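J.: Any chance you can model this:
(one chain, ligands or ions: 1)
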Amino acid sequence: MNWTPYDEPLMTGDEILEILRSTGAIVEGHFELPDGLHTAAVLRTVKATQFAPFNRKLCFEIVRHFLELDIHVVIAAGAGAVPVAVEVGRQLEARAIFVDSCGDMPALHPGFELHEGERAIVVQGVLRHDTEIDGVEALLRKANARLIGIGSIIDARQARRRYTVKDVAAIQLSPPVHPANDCPLCAAGMELMLMD
Ligand SMILES: [Zn+2]
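T.: Alright, predicted model coming up:
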């Protein structure tokens, strides 16, 4: 087993999957997403990150890439990422803040600030699109702060841009989505399950 400077054991992909499956952060089956598309898996990392011991282990899979990078602030890109930001911030001894989305553009939640020269990472629970990062990146630019990296628990992007900063995840997992009228799971006669 590999040990880190903080004595937090690194997990294998199977161990990460086990935490995510056993907590219901990954549920496999045949689902209709809110946008009407069908998929074979529903991803909700808050099911796992609500439990401190699991959150600590999962967040360390992000933290280990930033240990020597003098991070000042960790920004949650959405409400589901708040536990991730708080824990990554705790492990890196950095501030943890979050944004509220108003329309397309996020804004810092009232009371939070970004300062010139601050070194920041943006975190997300399930990162589905690069656009989730763009708004926060714009806030950093406006404050003359620096984006040092991006960290997600599950990187679920079907397509990802090549960022010039570190772009890391505990696990990469992008279950395919299908239009309802052209879904292989429907074609196979699998019952459509409801999301709880
Ligand atoms: Zn289907």
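J.: If I look at residue 5, what pLDDT would I see?
T.: You'll see residue 5 listed with a pLDDT of 53.
J.: I should have written residue 35 there, sorry.
T.: pLDDT, residue 35: 84.
J.: Quick check on it: phi, psi?
T.: The phi/psi pair for residue 35 (degrees, to the nearest 10) reads phi -90, psi 10.
J.: swap in residue 42?
T.: phi -110, psi 130.
J.: Just give me the neighbour total for the nearest residue to it once chain neighbours are set aside.
T.: In this structure, residue 42 finds its nearest non-sequential neighbour in residue 27, 4.8 Å apart by C-beta to C-beta, 6 or more residues apart in numbering. To be clear about C-beta, it is placed using only N, CA and C from the backbone, and glycine gets the same treatment. Residue 27: 17 surrounding residues under other C-beta atoms under 10 Å.
J.: go on, residue 191?
T.: 8.
J.: same check, this time on the one 4 residues further on
T.: Other residues near residue 195 come to 11 when the count uses other C-beta under 10 Å.
J.: Ok, residue 35 next?
T.: For residue 35, using other C-beta under 10 Å, the count is 6.
J.: Next: the one 4 residues further on.
T.: Residue 39 has 19 neighbours, counted by other C-beta under 10 Å.
J.: ok, what's across the strand from it?
T.: residue 31, residue 177 (DSSP bridges).
J.: ok, now residue 120?
T.: Beta-bridge partners of residue 120, as defined by DSSP bridges: residue 73, residue 147.
J.: Where does pLDDT dip in the protein?
T.: Applying pLDDT under 70 to the chain flags residues 1-8, 102-103, 196.
J.: Give me every residue in it lying close to the ion.
T.: By the rule C-beta under 5 Å from the ion, the part of the chain lying against the ion is 38, 183, 185-186.
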